[in-house]
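[1] Here is a sequence with its predicted model. Questions after.
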Amino acid sequence: MSHDGDWIAGQIDLAYIAALSAAPHPVLLEIESAATPAGVPIVDRESGRVLMALAAGRRRIVEVGTPYGYSTLWLALGQPPGGTIATIDPDARRTALARDWWRRAGIPDERIEVVNRPALEAFAAHEPALAGPFDLAFIDALKPEYQAYLEAIVPRLSPGALVVADNVLWSGRASGARPADPDDRSGEALRRFNATVLADPRFNATILPVGDGLLLAGWRG
């Protein structure tokens, strides 16, 4: 099949999956509409659906990178009743907007605790909200810091926990499907991160070609 044929088949597959899936919560659609013109990065809808499925049964979640709280809401909607999320982002203005969206989606304030500090600083300061243990960790922040986030999270994981990281294919530049920019620190960091995690005996890990690439790593500790 030609590359054009592959692309068309991929689009048909996505349309098929979307047709079978429940419609996104209306507040998720609101966040999508607000994020695009503002240039605020959020996961794509397919990745959101994966996050919601993975959150089932995960009572305590930590998220590195909140922006508008889009992925946070997918996770919260997938969690069991009483599940909690600690989400880290230094931009208090954006997380205040996120809090309003979460409320309008019916998520009680006590279920989501926001830590408005740079993530590595927050972990090093032993913020109480980040004490763990966590059943799921989602990483979607500064790409050159992914490995450092992971190492900060590992001591806070519960047995059988899952770590998920977004953007690990970096629009094809991590895999070599598109030319890499030698000055792209994020791309180089993601290539190292992917290789390190998939070879790490502490995890059972793989990469799903969903959205911009989701790395899934099951904690074996």
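    It's in.

[2] what's the longest strand in the chain?
    strand 157-166 (DSSP state E).

[3] Now do the same contact list for the residue nearest to the spatial centre of the chain.
    Nearest to the geometric centre of the chain sits F138, at 4.3 Å (Cα atoms, centre = their mean). Counting by Cβ atoms under 8 Å, 6 or more residues apart in numbering, F138 makes contact with 51, 61-64, 71, 75, 164-166. Using the backbone N, CA and C atoms, a C-beta is placed for each residue, glycine as well.

[4] Same check on P81?
    Contacts of P81 (Cβ under 8 Å, 6+ apart): none.

[5] Y16 versus that one, what's the distance?
    Distance, P81 to Y16, by Cβ to Cβ, to the nearest Å: 31 Å.

[6] Could you do R93 as well?
    From R93 to Y16 the distance is 39 Å (Cβ to Cβ).

[7] what's the answer for S186, then?
    32 Å.

[8] which of these two has more neighbours?
    Higher neighbour count among S186 and Y16: S186, with 17 against 10, using other Cβ atoms under 10 Å.

[9] Pop out the phi and psi values for that one.
    phi -70, psi -50 (degrees, to the nearest 10).

[10] Nearest spatial neighbour of it, chain-adjacent residues omitted?
    Leaving aside its sequence neighbours, S186 sits nearest to K143 (Cβ to Cβ, 6 or more residues apart in numbering; 3.7 Å).

[11] Return the residues in contact with the one you found.
    167, 170, 185-187, 189-190, 193.

[12] Report the two of those separated the most.
    N167 and R185 (13.5 Å; Cβ to Cβ).

[13] between these two, who's got more neighbours?
    N167 (22 against 11).

[14] Next, the contact list for the nearest residue to that one once chain neighbours are set aside, please.
    Nearest non-adjacent residue to N167, counting by Cβ to Cβ, 6+ apart: D212, 4.6 Å away. Shown in contact with D212 (Cβ under 8 Å, 6+ apart): 44, 47, 166-171.

[15] 10 Å - rerun?
    For D212, the contacting residues are 41, 43-44, 47, 140, 166-172, 174, by Cβ atoms under 10 Å, 6 or more residues apart in numbering.
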